[in-house]
Each structure stands twice: as C-alpha cells, then as structure tokens.
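Visitor: Return atomic coordinates for the entry below.
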Amino acid sequence: MATTLFAPDMSELEKLSDFLPELALQAAGPILTNLVSNREFLDLQVLPHLGQSGWTREWYVAHRHDGADGSYSVQVFVWPPGSATRIHDHSCWGAFCCAVGSLVEERYERLDDGSEPNSAHLREVWRLVWRREDGVSSVLPYEGGIHRVGNPSSGTAISVHLYGPRLGKLDGRDYDPSRDYVCDRLEI
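Guide: A predicted model of the protein is given here:
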C-alpha cells in the first residue's frame, strides 16, 4: 500500500538527491505540504495512529518509506503528549510538516569550532510552534540543523518528515548541552 501511496511522488523524491541540500529543501517543502494536505494520505497513513499512542510517552515512527536507492526517506512520526527528541542533528538534509496538532521546535547553534572530540557548546537561537498551516521546517546537515522537536500539548501530534541521502554512515549526532557533550548516532 505504501508504494502505491507514494508512487506519484517517487520520481520527484528521487530527483531531490541530485540537488545541493539548499535546493533540495526548496523543492521538498511543496512535496511535504501536498502530502499533509492529501486526504488519502491522511486517511491511510496518519489518522489511524491517533488513538494508538496511549501506551507510550515516546515519539515513534508509525510509517516509513525509503527510496530503493537510499536517495530519500519519508517518515510519519507520532508524538504522544509530552514526548520530545534529544537535541540532535542529521547527516542529511531534512524537512518536516505537522499533519495533526502542533509541535515545538528549538533550534541551536554551535559556539565552539568542533575541534574538541565529543565536545560541543550550544546556544538556543530560536523556538517555534509548528502547525500544518505554518508550513515546513527544514534542516541542513550537521551544524546546519541542530534542533529538538517535541509535543508539549495534551493531545497527540503527527508529523511527516522527508530526509535526503546521508552524507556518510552516521545518522547524525546527539547533543547534551548540560555537559557540552556530543556523540555520533548510527541509527535512530
């Protein structure tokens, strides 16, 4: 079913890997906006998960569709009330759009030069609430998109994420600003 659902967008998604990350993100925004506006997509991939989050307080990926050549990944995240990611980055470009509810995103910048292994000094630069009508948030690889996403509300939120090809074997890095610590993440 997922292959049929994404079939009209597959060639567009595969082409994104040919672009520089900045250009890929410009093209990714309308694709995500169309997905979360597509009633069939919502009915089949998003809405069935609204009632299933009571057993966990952690976010989870309810549906994932990866390009056969690794050029992209479309993922539907379910965010139970109070769930949030760690502060992290990605080894690829990425974008997300809320489909149901709202999410808070905090964006960070590195204040150090990255020369100390396992060390990173961060500063929060902005915090935004994202709803479907607010559009798409995007991140560039590594320092171009250090962020945390979470659902502080009392209702379940659902978002759709689109990721480009990884720049290496790492999935990204996780950060702990309380210790000025950073470590590699192989998989989420």
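Visitor: Please count neighbours and contacts with C-alpha atoms only from this point.
Guide: Fine.
Visitor: my guess is V182 meets G172, correct?
Guide: No: look at V182 against G172 with CA atoms under 8 Å: they stay out of range, at 10.3 Å.
Visitor: the helices in the chain, which residues?
Guide: Assigned by DSSP state H, the helices in the chain fall at 2-16, 21-37, 39-41.
Visitor: So which of the ones you listed is the most surrounded?
Guide: Across the helices of the chain, averaging neighbours per residue (mean count of other CA atoms under 10 Å) puts helix 21-37 on top, at a mean of 17.
Visitor: Now the closest residue to T156 other than its chain neighbours. Its backbone dihedrals?
Guide: Using CA to CA, 6 or more residues apart in numbering and skipping residues adjacent in sequence, the residue nearest T156 is P80, 4.7 Å away. Main-chain torsions, P80, degrees, to the nearest 10: phi -60, psi 160.
Visitor: Repeat that for P141.
Guide: phi -60, psi 150.
Visitor: what does the model give it for pLDDT?
Guide: P141 is assigned 95 on the pLDDT scale.
Visitor: which regions of this protein sit below the pLDDT cut-off?
Guide: Within the chain, the ranges that satisfy pLDDT under 70 run 1-10, 44-56, 188.
Visitor: re the thing from before, okay, and the common contacts of V182 and G172?
Guide: Counting by CA atoms under 8 Å, 6 or more residues apart in numbering, V182 and G172 have no contacts in common.
Visitor: where along the chain do the strands fall?
Guide: 60-66, 73-79, 87-88, 94-100, 102-110, 122-131, 137-139, 146-150, 157-163, 172-176, 181-185 (DSSP state E).
Visitor: Just list what the longest one packs against, helices and strands only.
Guide: It stands for strand 122-131. If you count contacts as 3 or more CA pairs under 8 Å, 6 or more residues apart in numbering; DSSP states H and E, strand 122-131 packs onto strand 94-100, strand 102-110.
Visitor: got a list of what R132 touches?
Guide: 36, 97-102.
Visitor: and which of those is nearest to D89?
Guide: Of all the contacts of R132, C97 has the smallest distance to D89: 17.1 Å, by CA to CA.
Visitor: Identify the bridge partners of that closest one.
Guide: On the basis of DSSP bridges, C97 is bridged to V160.
Visitor: quick one on the thing from earlier: is it possible to get TSV of the strands of the chain that adds mean neighbour count and distance to L20?
Guide: Compiled in TSV, these are given as follows (neighbours: other CA atoms under 10 Å; distance: least, CA to CA, whole Å):
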stretch	mean neighbour count	distance to L20
strand 60-66	16	19
strand 73-79	23	17
strand 87-88	22	22
strand 94-100	24	12
strand 102-110	20	21
strand 122-131	15	25
strand 137-139	19	13
strand 146-150	22	19
strand 157-163	25	13
strand 172-176	20	18
strand 181-185	16	23
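Visitor: Right, I'll leave it there.
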